[in-house]
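Peer 1: take this sequence and fold it.
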Amino acid sequence: MKRLLATIALLFALSALTAQDLTGLWTISSNMGGNESYQECKFVVTGNKITGTCNFQDKDLRVTGTVDGKKVTWQYENEMYGATLTFKYSGKVDDSGKIAGIFLLGPFNVDALFTATRGPAPRGTHSAFMATGGPPTRDPHTPGYVAANNLPDGALPPANADGNFVLGPTHAPAPEVTAQPGIPQGKVFEFDMNSTDSKIYPGVARDPGTFGTPDPNDPAKLIVTTSHPRPYTRHVAVYVPSQYKPGTAAPFIAGEDVTDPALYHALDNLIAQHRVPSMVAIGIGPGGGDAQGSERGLELNTMSGLYAEFIEKEVLPRVEAEAHVKLTHDPNGRMSMGASSGGGAAMGMAWYRPDLYRRVMSYSGTFENQQWPYNPETPHGAWEFHEHLIPNSPVKPIRIWLEIGDRDSFNPNVMRDNMHDSVVANERMAAVLADKVYHYQFVFARNAGHADGEVKKQTLPEALEYLWQGYPIDQK
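Peer 2: Modelled structure (predicted):
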């Protein structure tokens, strides 16, 4: 018995020693979708519990985790894309003292391999998601960028004005994005959709910790050999305003990044104030993964009208049945919306199917070379929007609102094709839209990152008012 107790005590001591050894500054390096990331975390280990902070987009976020022998797990959360993102790390400590394992980003189910080493991150490193030093900060008046109107700090563009605007550096939330006394609130209906029921998107996924390799004959073409069929479940949330009259055909917003309480509150307030029409908002969850070879990448980065057709044929009928609403078939009463790749998809929905959508809202839109599988008709993916499609096509009946942050994604990744810079891509979008005399509003936000949540809360009500100009508003 004494020998057993001594063994147990020794095991606890070794576990405590291993845990104590993890206290301090660590650099977490990972490769997500071909993008190298470096992040600093400060761990404090007490017993087998991990606390501390990890730096994400210049914010120190609270960490919780555990140490079990050589097994280490930790996680933290951050508001982004209008949702709560969860960053989970699971790994083991090797004989050299490094931690290696798998990183999972929820709710998108995006994964990557990571390595953690002691000490600070190398200076000058950057990443699309997280980095010490971060993406470079851009000047909105850089030569080659569009001419833009500088707004006083805290001011927003007029809701009836086309053109280019610079706002910031502070981003106080608009009062409309929070519940206001006396304003009726809509209801949210939720349901799941399984890939086994889809004729359009049966499901694919890229193997964990893999990406692709550039074609040696064309660096703009990525070869992915680790993508395979895989089922998924997506979540759908439907906001229905309190003013909806059963049996009437309602205008609506649809897109991947629409599930957002700030949007729901903004619609509650703007509808009640007769500043936008009474409308439904449909948030369509991703099929999983990100970038080339994944379900999310296939849906959002493919240059075609397929995603709009998927929503039309498979999502909207379920929405009408589950939320007990009727949705308009008038394309002027339909708005697509998204952030990051979701912003690029929102543009694609209207560009390829203007018979279905004619209003577009994009935060940090990925108008970049992310398409997979390769399509020779649009070899540069969504970069083609500003490179060839918009400049070389007749003007389409689309109204567009675009936003980009001065510290937005700069993603050379493994392709090195010069078509993975979100700031340049959105600047080029604004330039070609102006040349073709589209009704558009472009917002360049100072002191802002990728799909910046504070910028969204500041600008969302004005953006909605801008986009819904010309559509009838019920004054009763």
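
Peer 1: could you give the backbone dihedrals for the residue lying closest to residue 306 once chain neighbours are set aside?
Peer 2: Spatial nearest neighbour of residue 306, chain neighbours left out: residue 200 (6.6 Å); criterion: CB to CB, 6 or more residues apart in numbering. From N, CA and C alone the C-beta is placed, and that goes for glycine too. With angles defined as degrees, to the nearest 10, residue 200 sits at phi -100, psi -40.

Peer 1: okay, now residue 200: neighbour count?
Peer 2: Burial of residue 200 is recorded as 14 neighbouring residues (other CB atoms under 10 Å).

Peer 1: for residue 231, same thing?
Peer 2: Residue 231: 15 surrounding residues under other CB under 10 Å.

Peer 1: and the gap between it and residue 462?
Peer 2: Distance, residue 231 to residue 462, using CB to CB, to the nearest Å: 41 Å.

Peer 1: tell me which stretches of the stretch 351-476 of the chain form strands.
Peer 2: With DSSP state E, counting those that start in this stretch as the criterion, the stretch 351-476 of the chain has strands at 359-363, 399-405, 439-445.

Peer 1: highest average neighbour count across those strands?
Peer 2: strand 359-363 (a mean of 29; mean count of other CB atoms under 10 Å).

Peer 1: beyond that one, next helix or strand please.
Peer 2: Downstream of strand 359-363, the next assigned helix or strand under DSSP states H and E is helix 384.

Peer 1: show me the contacts for residue 366.
Peer 2: Residue 366 sits next to 300, 301, 340, 341, 343, 344, 382, 409, 422, 425 when contact means CB atoms under 8 Å, 6 or more residues apart in numbering.

Peer 1: and the third one, how many neighbours?
Peer 2: Residue 340 is flanked by 25 other residues according to other CB under 10 Å.

Peer 1: now do the contacts for it.
Peer 2: 81, 257, 363, 364, 365, 366, 409, 450, 451.

Peer 1: tell me how far the closest residue to residue 350 other than its chain neighbours lies from residue 452.
Peer 2: Distances taken as CB to CB, 6+ apart place residue 357 nearest to residue 350, at 4.2 Å, with adjacent residues excluded. Per CB to CB, residue 357 is found 25 Å from residue 452.

Peer 1: am I right that residue 300 sits in a strand?
Peer 2: No: with DSSP: H, G, I helix; E, B strand; the rest coil as the criterion, residue 300 is assigned helix and is not in a strand.

Peer 1: residue contacts, the closest residue to residue 425 other than its chain neighbours?
Peer 2: Once flanking residues are discounted, residue 425 sits nearest to residue 367: 4.1 Å by CB to CB, 6+ apart. Residues in contact with residue 367, defined by CB under 8 Å, 6+ apart, are 343, 344, 347, 382, 383, 385, 386, 422, 425, 426, 428, 429.

Peer 1: if we go to 7 Å?
Peer 2: 344, 382, 383, 385, 386, 425, 426, 429 (CB atoms under 7 Å, 6 or more residues apart in numbering).

Peer 1: neighbours of the residue nearest to the last one when sequence neighbours are not counted, how many?
Peer 2: The reference is to residue 429. Distances taken as CB to CB, 6+ apart put residue 386 closest to residue 429, at 4.9 Å, once the chain neighbours are dropped. Counted by other CB under 10 Å, the residues lying close to residue 386 total 21.

Peer 1: could you pull out the helices in this structure for me?
Peer 2: 2-21, 261-272, 295-301, 306-310, 316-323, 341-352, 384, 422-435, 453-467 (DSSP state H).

Peer 1: could you export these as a markdown table, including mean pLDDT?
Peer 2: Formatted as a markdown table, the helices of the chain follow (pLDDT from 0 to 100):
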| stretch | mean pLDDT |
| --- | --- |
| helix 2-21 | 49 |
| helix 261-272 | 97 |
| helix 295-301 | 93 |
| helix 306-310 | 98 |
| helix 316-323 | 98 |
| helix 341-352 | 97 |
| helix 384 | 98 |
| helix 422-435 | 98 |
| helix 453-467 | 97 |
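
Peer 1: the closest residue to residue 352 other than its chain neighbours: how many residues sit nearby?
Peer 2: Leaving out its chain neighbours, the residue that sits closest to residue 352 by CB to CB, 6+ apart is residue 305, at 3.5 Å. Residues lying near residue 305 (other CB under 10 Å) number 19.

Peer 1: state the distance from residue 305 to residue 281.
Peer 2: 21 Å.

Peer 1: cool, and residue 96?
Peer 2: If you go by CB to CB, the gap between residue 96 and residue 281 works out to 51 Å.

Peer 1: of the two, which one has the most company?
Peer 2: For residue 96 versus residue 281, neighbours defined as other CB under 10 Å are more numerous around residue 281 (24 against 7).

Peer 1: for residue 53, give me its contacts.
Peer 2: Residue 53 touches 41, 42, 60, 61, 62, 63, counting by CB under 7 Å, 6+ apart.

Peer 1: show me what the fourth one is bridged to.
Peer 2: Okay, so that is residue 61. residue 54 (DSSP bridges).

Peer 1: doesn't residue 54 make contact with it?
Peer 2: Yes: the pair residue 61 and residue 54 qualifies as a contact (CB atoms under 7 Å) at a distance of 5.5 Å.

Peer 1: how about stretch 450-463 as PDB, C-alpha atoms only?
Peer 2: Extracted C-alpha coordinates of stretch 450-463, given in PDB (Å, rounded to 0.1, in the frame of the first residue of the first chain):
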ATOM      1  CA  HIS A 450     -10.300  41.800 -41.000                       C
ATOM      2  CA  ALA A 451     -14.100  41.700 -40.800                       C
ATOM      3  CA  ASP A 452     -13.700  44.000 -37.800                       C
ATOM      4  CA  GLY A 453     -16.600  43.600 -35.400                       C
ATOM      5  CA  GLU A 454     -16.400  47.200 -34.000                       C
ATOM      6  CA  VAL A 455     -16.500  48.600 -37.500                       C
ATOM      7  CA  LYS A 456     -19.500  46.500 -38.300                       C
ATOM      8  CA  LYS A 457     -21.400  47.700 -35.300                       C
ATOM      9  CA  GLN A 458     -20.600  51.300 -36.200                       C
ATOM     10  CA  THR A 459     -21.500  51.100 -39.900                       C
ATOM     11  CA  LEU A 460     -24.200  48.500 -40.200                       C
ATOM     12  CA  PRO A 461     -27.300  50.800 -39.800                       C
ATOM     13  CA  GLU A 462     -26.000  53.300 -42.400                       C
ATOM     14  CA  ALA A 463     -25.000  50.500 -44.800                       C
END
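
Peer 1: hang on, isn't the residue nearest to residue 429 packed against residue 433?
Peer 2: No: contact criterion CB under 7 Å: residue 386 and residue 433 do not qualify, at 8.5 Å.

Peer 1: which residues do the two both contact?
Peer 2: What both residue 386 and residue 433 touch, as defined by CB under 7 Å, 6+ apart, is an empty set.
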